[in-house]
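Enquirer: got a predicted structure here, sequence first:
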Amino acid sequence: MKNISILGATGSIGQNTLDLISRDRQKFKVVGLTGASNIELLAESAIKFKADVVATANDSKFHDLKEMLSGHQIEVCAGKNGVLEVASRQADWVMSSIVGSAGLLPGLKALEVGSNLALANKESMVAAGPIMKRMAKAKGVKLMPVDSEHSAISQVIRGEERSSLSKIIITASGGAFRDLTKADLIGVTPDQASMHPNWTMGQRITIDSASLFNKALEVIEAKELFDLSISEIEVLIHPQSLVHAIACFCDGGMKAHIGPPDMRHAIAYALYEEKRFNLPVDEVNLSEIGTLDFEKPDLSKYPALRLGFDVLQQGGLAGAAFNAAKEEALDNFLDYKLSFLGMADIVRATMEELTSKNLLSSEVELEAVIEIDLQARSVAKTFVEKI
Ligand code: NDP
Ligand code: MG
């Protein structure tokens with residue numbers, strides 16, 4: 001029996017993970033589950049999967065959650081510390097699927113107590129990749145990719161020698177606006193940006209997919225997870241979202257990973273530690289699809305992607321600042337205070353400001369990451385207010 005916890009159990013990744021657990025119940029014991037605002041789903045999941053402990057990140061929801069779980073032998077916690085408490089219960093496997101930088105400390109805590117960590121929360125790798133890797137190494141535990149592209153990379157490089165790998169291509173669907181021109185993007189709304197053509201995901205990552213901020217984060221995540229250099233990573237727009245990553249080798253050979261746009265594939269690959277699990281997913285019917293398209297992204301339409309490569313070049317605390325500025329910009333877009341294209345402008349201005357003050361070149365240590373995260377949000381906010 002494998003002990004598992006899910007940080008961010010009420011979200012899209014969290015619920016997909018529980019769907020997998022429900023198909024193989026005897027193999028898994030659920031230790032802890034966390035959520036934030038959706039305590040109804042948190043309580044329902046905790047009861048269904050007989051969790052030992054649950055936490056809502058929202059302090060104000062503690063009493064309601066406790067009431068929903070009264071009569072059940074389930075410990076209830078709340079607030080940031082409550083989430084950390086759940087993360088600190090050692091488990092064989094922990095899913096890190098809280099959205100945003102709020103996932104960093106809980107993910108790190110899980111590693112610290114010796115749990116293997118399945119990493120959907122890309123933001124923690126972008127902001128603090130070296131810290132996460134150091135902790136995993138020190139504790140002798142695994143960091144397993146869950147992002148579909150990164151799971152795909154791990155699958156195509158498996159069994160290959162690092163020295164024979166010349167490049168990794170990760171694909172991007174192009175998101176909600178892939179058929180629009182840059183001019184068409186002026187005035188697009190959060191609701192329009194929240195509709196992904198191929199994937200069903202949480203709202204924030206869906207909007208980040210439309211702007212390609214998500215791909216920018218993934219480029220940095222790929223560098224951290226697979227120790228790639230900037231020249232070893234390429235992004236191609238692939239509207240069908242069937243090829244998730246391609247490894248290119250020194251002999252001209254390439255290996256592509258093809259799979260349906262269903263996150264359960266990548267989650268199961270991490271959950272079963274690189275063994276295949278029989279999943280009820282539709283097989284990709286290549287003869288029906290007929291054509292797979294790839295094209296270079298237009299960086300004037302997708303400025304966020306260029307910013308992501310700049311961050312790769314810069315290193316240091318640039319990832320943490322970039323992620324925080326992006327989160328602030330996205331909050332403002334969702335509040336109708338910033339346009340869709342304005343998000344990249346705010347992030348660029350924030351990065352330029354912090355770079356000009358030489359604030360991004362320090363070592364990636366936890367305190368510095370937390371400090372630059374706050375500074376980047378504050379600088380980004382100031383730029384938004386000036387608009
Ligand atoms: P969702 O928005 O669907 O879920 C986010 C989860 O985080 C929910 O459980 C939510 O709780 C919880 N949460 C929100 N804010 C906080 C907070 N401040 N503190 C603690 N918990 C919080 O997101 P997704 O499942 O789509 O994405 C999760 C992560 O996985 C992200 O990092 C994303 O980039 C990554 N990812 C997602 C993919 C996908 O297909 N969805 C694909 C690849 C990566 P509640 O809902 O109760 O408020
Ligand atoms: Mg992805």
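Expert: Perfect, thanks for sending it. Numbering: from 1, shown residues only. Ligands and ions are numbered 1, 2, ... in the order given.
Enquirer: got a list of contacts for stretch 128-141?
Expert: 104, 107-108, 111-117, 119, 124-125, 142-143, 220-221, 223-225, 319-320, 364-366, 369 (C-beta atoms under 8 Å, 6 or more residues apart in numbering). (Each C-beta comes from the backbone N, C-alpha and C, glycine too.)
Enquirer: just the buried ones out of the residues you listed, please.
Expert: 104, 107-108, 111-112, 115-117, 119, 124-125, 143, 220-221, 223-225, 319-320, 364, 369 (16 or more other C-beta atoms under 10 Å).
Enquirer: show me those residues that map onto strands.
Expert: Using DSSP state E, the subset of the buried ones among the contacts of stretch 128-141 located in strands is N116, L117, L119, L143.
Enquirer: quick one: which of the residues you listed is nearest to ligand 1?
Expert: L119 (8.6 Å; C-beta to the nearest ligand atom).
Enquirer: which other residues reach stretch 31-39?
Expert: 3-11, 14, 41-42, 45-46, 49, 51-58, 61, 64-65, 68, 82-83, 86-87, 89, 91, 98, 106.
Enquirer: leaving out the residues flanking it, which one is nearest to the residue in the stretch 101-250 of the chain positioned nearest to ligand 2?
Expert: In the stretch 101-250 of the chain, the residue that lies nearest ligand 2 is D147 (4.1 Å; C-beta to the ion). For D147, ignoring the flanking residues on the chain, the nearest one in space by C-beta to C-beta, 6 or more residues apart in numbering is K122 at 5.6 Å.
Enquirer: kindly report the same for A304.
Expert: F213 (4.3 Å).
Enquirer: what's near enough to touch the one you found?
Expert: Counted by C-beta under 8 Å, 6+ apart, F213 has contacts A304, G308, K326, L330, M343, A344, V347.
Enquirer: then the helix or strand the fifth one falls within to PDB, C-alphas only?
Expert: With elements taken from DSSP states H and E, the one containing M343 is helix 342-356. The C-alpha trace of helix 342-356 is given here as PDB (Å, rounded to 0.1, in the frame of the first residue of the first chain):
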ATOM      1  CA  GLY A 342      -0.500  44.500 -21.000                       C
ATOM      2  CA  MET A 343       0.500  41.500 -18.900                       C
ATOM      3  CA  ALA A 344       3.700  41.000 -20.800                       C
ATOM      4  CA  ASP A 345       4.400  44.700 -20.700                       C
ATOM      5  CA  ILE A 346       4.100  44.800 -16.900                       C
ATOM      6  CA  VAL A 347       6.300  41.700 -16.500                       C
ATOM      7  CA  ARG A 348       9.000  43.100 -18.800                       C
ATOM      8  CA  ALA A 349       9.000  46.500 -17.000                       C
ATOM      9  CA  THR A 350       9.200  44.800 -13.700                       C
ATOM     10  CA  MET A 351      12.100  42.600 -14.800                       C
ATOM     11  CA  GLU A 352      13.900  45.600 -16.200                       C
ATOM     12  CA  GLU A 353      13.500  47.600 -13.000                       C
ATOM     13  CA  LEU A 354      14.700  44.800 -10.800                       C
ATOM     14  CA  THR A 355      17.600  44.000 -13.100                       C
ATOM     15  CA  SER A 356      18.600  47.700 -13.200                       C
END
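Enquirer: tell me how far the residue sitting furthest away from the middle of the chain lies from P261.
Expert: Here the chain reaches farthest from its C-alpha mean at G71, the gap being 35.3 Å by C-alpha atoms, centre = their mean. Per C-beta to C-beta, to the nearest Å, G71 is found 40 Å from P261.
Enquirer: so D184 versus K275, what's the distance?
Expert: 45 Å.
Enquirer: who's more crowded, those two?
Expert: D184 (11 against 8; other C-beta atoms under 10 Å).
Enquirer: any idea of the pLDDT on the closest residue to ligand 1 within the stretch 1-150 of the chain?
Expert: Residue nearest to ligand 1 within the stretch 1-150 of the chain: G11 (1.9 Å; C-beta to the nearest ligand atom). pLDDT, G11: 98.
Enquirer: now swap in N198 and tell me
Expert: What the model reports as pLDDT for N198 is 86.
Enquirer: which phi and psi does the closest residue to it other than its chain neighbours have?
Expert: Spatial nearest neighbour of N198, chain neighbours left out: S241 (3.9 Å); criterion: C-beta to C-beta, 6+ apart. S241 has phi and psi values of phi 50, psi 40 when expressed as degrees, to the nearest 10.
Enquirer: go on, the one 3 residues further on?
Expert: In this entry, H244 is assigned phi and psi values of phi -100, psi -30 (degrees, to the nearest 10).
Enquirer: contacts only, for it.
Expert: H244 neighbours (C-beta under 8 Å, 6+ apart): S148, E149, S151, A152, I170, T171, H257, I258, G259.
Enquirer: who touches the residue of the stretch 251-387 of the chain found nearest ligand 1 in this structure?
Expert: Closest to ligand 1 within the stretch 251-387 of the chain is M263: 4.4 Å, counting by C-beta to the nearest ligand atom. When contacts are counted by C-beta under 8 Å, 6+ apart, M263 touches S12, I13, N16, V146, S148, W199, M201.
Enquirer: still on that earlier bit, I'd say the residue nearest to N198 and T171 touch.
Expert: Yes: between S241 and T171 there is a contact at 7.3 Å, judged by C-beta atoms under 8 Å.
Enquirer: name the residues of the stretch 101-250 of the chain found near ligand 2, please.
Expert: D147, S148, E149 (C-beta under 5 Å from the ion).
Enquirer: can I get those in a markdown table with pLDDT?
Expert: Converted to a markdown table, these look like this (pLDDT from 0 to 100):
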| residue | pLDDT |
| --- | --- |
| D147 | 98 |
| S148 | 97 |
| E149 | 98 |
